[in-house]
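> test case, fold it:
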Amino acid sequence: MHVYRYMVGAAVLALSIGSAACDESLPDITGPTPNLVPTFSSIQSEIFSSGDSSGRAACTQCHNAVGRLFNGLDLSPQVAYANLVGVASRGKVGAVRVIPGDPENSYLIHKLEGRPGITGVRMPQNGPPYLTDGQILVIKRWIELGAPND
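Residues are numbered from 1 along each chain as shown. Okay, the predicted model is just below:
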């Protein structure tokens, strides 16, 4: 009986947290990138290919076809998806850049958050400013949705 109450309580808590998150508009969460939504095309245009109002530079300033010093991660629009999703990191053995459905184990998220155990430094390398928690949350949501090429 106690287990059942615990499970019902946990479900109610999860639903209330999910509902509360829906009350906040996406532009409020994403801050300096108000047009950012959890799709690859939006992440490409708003994060990888563009800087933002916080002064953060575009990721493609370093991660491009010429940027061979950056572990071969070219985030140019033509090749970014193929270089991220399901691809092993060249900088950290055993890490996968983006694991569809699993943002917590996707190395891209580790690098953007500057988690312990990453190889090198938090991205962007020339930060701060770094991506905001809201911007990272949108990228995590895209990964949770299976990291579609949309």
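> hey, where'd the strands end up in this protein?
Counting by DSSP state E, the chain forms no strands at all.
> which parts of it are helices?
2-23, 26-30, 40-43, 80-84, 107-113, 133-144 (DSSP state H).
> measure the closest residue to Val79 other than its chain neighbours to Phe40 for me?
Distance criterion CB to CB, 6 or more residues apart in numbering; nearest residue to Val79, sequence neighbours excluded, is Ala65 at 8.0 Å. Glycine gets a C-beta too; all of them are placed from N, C-alpha and C. According to CB to CB, to the nearest Å, Ala65 and Phe40 sit 19 Å apart.
> these two: who's more crowded?
Each of Ala65 and Phe40 has its neighbours counted (other CB atoms under 10 Å); Phe40 has more, 20 against 10.
> low-confidence ranges, the chain, go.
Where the chain drops to pLDDT under 70, the residues are 1-24, 27, 67-70.
> break it down into its structural domains.
1-27, 31-144 (automatic domain parsing).
> most tightly packed of these?
domain 31-144 (a mean of 17; mean count of other CB atoms under 10 Å).
> what is the end-to-end distance of that domain?
21 Å (CA to CA, to the nearest Å).
> go on, stretch 33-47?
End residues of stretch 33-47 are separated by 8 Å (CA to CA).
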